[in-house]
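make a model of this:
(3 chains)
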Amino acid sequence: MSIELENVAKHYGAEAVLHDFSLEIPQGELFVLLGPSGSGKSTLLRLIAGLTPLDSGTIHLNGRDVTSLPPQKRRTGFVFQNYSLFQHMTVAQNIAFGLEIERVPRPQREARVRELLELIELADLGDRLPSQLSGGQQQRVAVARALAQNPDVLLLDEPFGALDVKIRGQLRQNLRAIQKQLNVTAILVTHDQDEAFELADRIGVIDSGHLLEVGTPDQLYRKPNHRFTATFLGSVNLLRGTCNGASLYIEDVQLPILNGMEYFSGQAVDVMTRPESVFLTRKREEQRGHVLGRGTVISMAFAGPMEKVVIRLEQGTELQVLMNLNRAHELGLHLGAEVWAGVRDYHLLPVG
Amino acid sequence: MRERNVNSWAGGLLLGVVLLYAAALLFAPIFALLSGAFRDGIEPVLNALTTPDALAALRLTATLAISAALINAILGLICAWVLVRHEFPGRRFFNALVDLPFVVSPVIVGYVMIVLFGRMGWLKDFPVQLAFSVEGMLLVTVFVSLPFVIREVQPTLAALTNEQEEAAYTLGASQWLTFRRIIFPTIRHALTYGVVLTLARALGEFGAIAVIGGGVQGATETATIYVFRSMHDRNPISAYSMAVLLGLIAVLILVMMNKLRPGHRKGH
Amino acid sequence: MAQAAAPLERQSLLADVWSPRLSSWGLRASAVIYLTVLIVVPLFVIGVEGLRNGLDSFWTSVTRPAAISAVWLSVWTAGVMAIINTLMGTLTAYVLLQYRFPGKRLLDSLIDLPFAIPTLVTGVMLVLLYGPQTAIGGFFERELGVRVLFAPPGIVLALLFLGYPFVIRAVQPVLAQLDIHQQEAAHTLGASQWTTFRRIILPALLPAMISGGMLSFARALGEFGSIVIVAGNVPMRSQTGAVYIYGQVEGGNMGAASAVSLVMLAIALATTLGVDFLYRWRWQHART
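This is a model prediction of the structure:
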């Protein structure tokens, strides 16, 4: 295990910022900690780096207990939200700084700096000052600086937050490529779910200081265990229902309980479907999945290649539907149109 | 916050050195003054301060300081305004001049006064007697305390954006009204701070007045001259008592400075 | 606090566009007259008087041994003070920002005391603290043969008191604005507190330190009130430039007084102009 956190907790005064956090991250994984602002994710990162002391629990990096070590001794690389490059030093000097501290002899130092500049594709900009670089370039220098000493762990605190949307995509791919190439374990903290999906090997969802669940992007998107995860990772439809034996009842609509969800028997559940899984037709016969009922279109919004439709079922429940633009035209959808809604698959979440 | 407790021996050493230096430089002299003045109790001090000479000196110092503060407040405000808001040839030059009183030795100031207004001076027939007179003392006091209001008001004024004023104009406010109701309240803090600094400087003026002051005991002697003369006349208790009083006033001024400073630092 | 001739960044604002010409000119005239009368005229006087009797006379006055000794004493004592103050002032500002300790608020509020207190009172305080009849002064004289008061060490002490706030107040705002994350970044890269201070914090502070130090130098150069009490004022030994000028004026030697005044003023002006130049150069440099 590259990173092991056991029962890590932190409070400021009477307020707990992190509750009993436990996590294991294997070598080489790009782990994304995803959560809203104020959820404690940045705090956790700083605890791992040693920039903030923790109140209880232990942290092991590559088998070493670093819990009481200062940041200087933890061998972590940290990329700050605003990069925090040393303004009065050149790009090359910034990257070489950690190597100077380690007393690496000049030839090796310069070679390593060159190597890293190549890696981040800024080979000719070594002599520039940070103020002469664009945001994206500064970010890459910050990453190179953090990697210079071959740290055990790379920690990134919302590294793309300050950048234009257009650059982010490119830089995300670059980062992932570098991380994989170097096989360095990395934790990236963000509130942007798209970013999490794009970069993560696994995602940890955090809310109000609690680690809710951990899983691959696919797992968390399609089969989360928490209501919070479901709603945080994109639009979702949640319908209240009850399980009885082998069937699921949403109002008076009966659905079979799909494989693996039998243990909900006898309980109230939230039935979760993503908007793209809801299938609309004009006639009941055309439905191919499990039918939910009849409804009317109450809003439509153009979204590039898709159309976002909201329908109200006869029972009163509203459903968000995401469909291909062409299909929307085929169906001749308009406000007030009558449709039938069905789902191909769904997931069950416990209530409360 | 960034603050933390000392957590290493190096930090402790640093803190120790800094505090020791501050104690030796700031606190020790204060303590020495107080113990020297009150060595025989509080009565001698009070007696020394209530002699006619002492009271006259205090009166004169107060008059000079307050007058200088008023003059510099009004004219300083005008200068700050002109220097920030107006463009004219030589503005840079005048702006640089404002710092001069800050670095000129007060004796040089006194010397200039003698050259201009002394018995054989350039302007020896000037209608107002300015050498060795209270009017002359006022003039030099104004000079040495000149920069403070200007320098404190300038940045605040410069930071003021147009928008609030423009809004006032579109609502029908005249220039004067806008100044009074919109601009002045914003710079009032900086202005007050500048006036406090002016007062402090004016109260403490010595060098220039030593050269061109009247120096007549009991009539045209300021508090600082009083202290100096008392030291010379080997009248320590008078000197120390007045020094303590002046020091006390300085501390009061310091308290005012500190109260005004945080707001002043935040600027506009 | 007071900055030396800060560059003017604002262009003309509303006043020129909206104000009736008369009031605008009235304001401008008042300001110009005020500044001219109070500052330009004295400068003019010093210049003219100093050179009135020709360069020869000027040169003679300036090169008299007592004069040279006096000016030199002023310069080196102010210089020593500026160096010590730059060092201690920076450390004090750093400590005030970084650490919690008892008495911190008291110290922070007392730092400006030298700004507020009459220089004469400073002199009296130092006499009471270091005079030959006191414990400290007596100790130094008996055991170490060093005269503190009425001698150059006393001058440096008085100037140190006087200049104490300059560097501290110049450095404090810069220190407060420093990006703490830069320091944290240095820590994660392995830099100790000291290395971080030396390589990251100090370079950012240098302009403020230097301008604060130079300002305290310029201020101390012409100091009179405290020196005249504390120094002893013996020509050639413990007489500063300002005291020398005072002596000449009292003795009616206006020529000598003016010549040395000119020299002292020139040094002071050169220092403040240097600060302004440095500030402008640094400011430009940081922007590119």
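
please report phi then psi for residue A:129.
Dihedral pair for residue A:129: phi -90, psi 150, per degrees, to the nearest 10.

my read: it touches residue A:90, true?
Yes: counting by CB atoms under 8 Å, residue A:129 does reach residue A:90; the two are 6.0 Å apart. C-betas here are computed from N, CA, C, even on glycine.

so residue C:181 sits in a strand?
No: Residue C:181: not assigned to a strand; according to DSSP: H, G, I helix; E, B strand; the rest coil it is helix.

so is the residue lying closest to it once chain neighbours are set aside in a helix, a strand, or just coil?
Leaving aside its sequence neighbours, residue C:181 sits nearest to residue A:84 (CB to CB, 6 or more residues apart in numbering or on different chains; 3.7 Å). Of the three states, residue A:84 takes coil under three-state DSSP.

so what's residue A:84 up against?
Neighbour list for residue A:84: A:142, C:179, C:181-182, C:184-185 [criterion: CB atoms under 8 Å, 6 or more residues apart in numbering or on different chains].

check residue B:69 too.
Contacts for residue B:69 (CB under 8 Å, 6+ apart) come out as B:145, B:195, B:198-199, B:202.

same check on residue C:41?
Residue C:41 makes contact with residue B:116, according to CB under 8 Å, 6+ apart.

now it, what's its secondary structure?
Following three-state DSSP, we place residue C:41 in the helix state.

for the longest helix anywhere in chain A, what does the pLDDT average out to?
When chain A is parsed with DSSP state H, its longest helix is helix A:165-182. On average, the pLDDT along helix A:165-182 is 91.

now for that helix, which elements pack on it?
strand A:30-34, helix A:135-147, helix A:193-199 (3 or more CB pairs under 8 Å, 6 or more residues apart in numbering or on different chains; DSSP states H and E).

chain center to stretch C:138-147: distance?
Distance, stretch centre to chain centre, for stretch C:138-147: 29 Å (CA atoms, centre = their mean, to the nearest Å).

burial of residue A:266, as a residue count?
By other CB atoms under 10 Å in any protein chain shown, 9 other residues sit near residue A:266.

and it, that's in a helix?
No: read with three-state DSSP, residue A:266 is coil and lies in no helix.

not counting its neighbours along the chain, what's nearest it?
Nearest to residue A:266 is residue A:243, by CB to CB, 6+ apart, at 6.3 Å.

the host helix or strand of that neighbour: which residues count as buried?
Per DSSP states H and E: residue A:243 is located in strand A:237-244. The neighbour-count check on strand A:237-244 (16 or more other CB atoms under 10 Å in any protein chain shown) flags A:237-239, A:241-243 as buried.

pipe those into a markdown table and attach pLDDT per row.
Putting the buried residues of strand A:237-244 into a markdown table (pLDDT from 0 to 100) gives the following:
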| residue | pLDDT |
| --- | --- |
| A:237 | 91 |
| A:238 | 90 |
| A:239 | 88 |
| A:241 | 85 |
| A:242 | 84 |
| A:243 | 83 |
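
ok, of the residues you listed, which one's closest to residue C:265?
Nearest to residue C:265, judged by CB to CB, of the buried residues of strand A:237-244 is residue A:238 at 81.7 Å.

that closest one: what's it in contact with?
Residues near residue A:238 by CB under 8 Å, 6+ apart: A:227, A:230-231, A:270-272, A:349.

just the buried residues out of those residues, in PyMOL syntax.
Applying 16+ other CB under 10 Å to the contacts of residue A:238, the buried members can be selected in PyMOL as follows:
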select buried, chain A and resi 227+230+270+271+272+349
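
quick check: residues of the stretch 101-250 of chain A near chain C?
Contact residues, the stretch 101-250 of chain A versus chain C (CB under 8 Å from any CB of the partner chain): A:101-102, A:131-132, A:145-146, A:148-149.

returning to what we had before: out of the contacts of residue B:69, which sit inside helices?
Counting by DSSP H, the contacts of residue B:69 contribute B:195, B:198-199, B:202 to helices.

residues near the residue of chain A found nearest chain B, how many?
Among the residues of chain A, residue A:70 lies closest to chain B, at 9.8 Å counting by CB to the nearest CB. Other residues near residue A:70 come to 16 when the count uses other CB under 10 Å.

same check, this time on the one 4 residues further on
Using other CB under 10 Å, residue A:74 has 25 other residues around it.

same check, this time on the one 4 residues further on
For residue A:78, the number of neighbouring residues by other CB under 10 Å comes to 28.

could you tell me how many residues sit around residue 173?
Unless you meant another one, I'm taking chain A. Residues within reach of residue A:173, counting by other CB under 10 Å, total 12.

meant chain C, my bad for not saying
By other CB under 10 Å, 11 other residues sit near residue C:173.

before we move on, what about residue B:184?
Neighbour tally, residue B:184, other CB under 10 Å: 12.

can I assume it sits in a helix?
Yes: assessed by three-state DSSP, residue B:184 belongs to a helix.

could you check the pLDDT of it?
At residue B:184, the model reports a pLDDT of 86.

from chain C, how far out is it?
As judged by CB to the nearest CB, to the nearest Å, residue B:184 and chain C stand 15 Å apart.

run through the residues that contact that residue.
Going by CB under 8 Å, 6+ apart, residue B:184 touches no other residue.

how about low-confidence regions in chain C?
Residue ranges of chain C with pLDDT under 70: C:1-23, C:279, C:281-288.

can you check the stretch 101-250 of chain B too?
Scanning the stretch 101-250 of chain B for pLDDT under 70 picks out the ranges B:214.

just the helices in it please.
Using DSSP state H, counting those that start in this stretch, the helices of the stretch 101-250 of chain B run over residues B:106-117, B:134-144, B:147-159, B:162-170, B:175-178, B:184-203, B:207-212, B:223-232, B:236-266.

with the stretch 51-200 of chain C instead?
Counting by DSSP H, counting those that start in this stretch, the stretch 51-200 of chain C has helices at residues C:54-63, C:65-98, C:104-110, C:113-116, C:119-130, C:135-144, C:152-177, C:180-188, C:193-196.

other SSEs contacting the third one?
So the one you mean is helix C:104-110. Applying 3+ CB pairs under 8 Å, 6+ apart, one finds that helix C:104-110 contacts helix B:9-22, helix B:236-266, helix C:65-98.

can you do 6 Å?
Using 3 or more CB pairs under 6 Å, 6 or more residues apart in numbering or on different chains; DSSP states H and E as the contact test, no helix or strand touches helix C:104-110.

from the middle of its chain, how far away would it be?
22 Å.

buried ones in it?
Neighbour-count burial for helix C:104-110, counted by 16+ other CB under 10 Å, picks out C:107, C:109-110.

for those residues, which one is nearest chain B?
Nearest to chain B among the buried residues of helix C:104-110 is residue C:109, at 4.7 Å by CB to the nearest CB.

show me what contacts that closest one?
Neighbouring residues of residue C:109 by CB atoms under 6 Å, 6 or more residues apart in numbering or on different chains: residue B:258.

of the helices of the stretch 51-200 of chain C, flag the one that's most buried.
Of the helices of the stretch 51-200 of chain C, the one with the most neighbours on average (mean count of other CB atoms under 10 Å in any protein chain shown) is helix C:119-130, at a mean of 28.

packing partners of that helix?
Applying 3+ CB pairs under 6 Å, 6+ apart, one finds that helix C:119-130 contacts helix B:28-37, helix B:236-266, helix C:152-177, helix C:225-230.

mind putting the ones you listed into TSV with distance to chain A?
What follows is these, written out as TSV (distance: least, CB to the nearest CB, whole Å):
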stretch	distance to chain A
helix B:28-37	38
helix B:236-266	23
helix C:152-177	12
helix C:225-230	38
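
dump the contacts of residue A:84 into CSV; add distance to residue A:296 as well.
Output for the contacts of residue A:84, formatted as CSV (distance: CB to CB, whole Å):
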residue, distance to residue A:296
A:142, 52
C:179, 56
C:181, 54
C:182, 58
C:184, 56
C:185, 57
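
that older thread, between the helices of the stretch 101-250 of chain B, which gets nearest to residue A:25?
Shortest distance between residue A:25 and those, using CB to CB, is found for helix B:236-266: 44.3 Å.

does chain C sit close to the closest one?
Yes: judged by CB under 6 Å from any CB of the partner chain, helix B:236-266 comes into contact with chain C through B:243, B:246-247, B:250, B:253-254, B:257-258.
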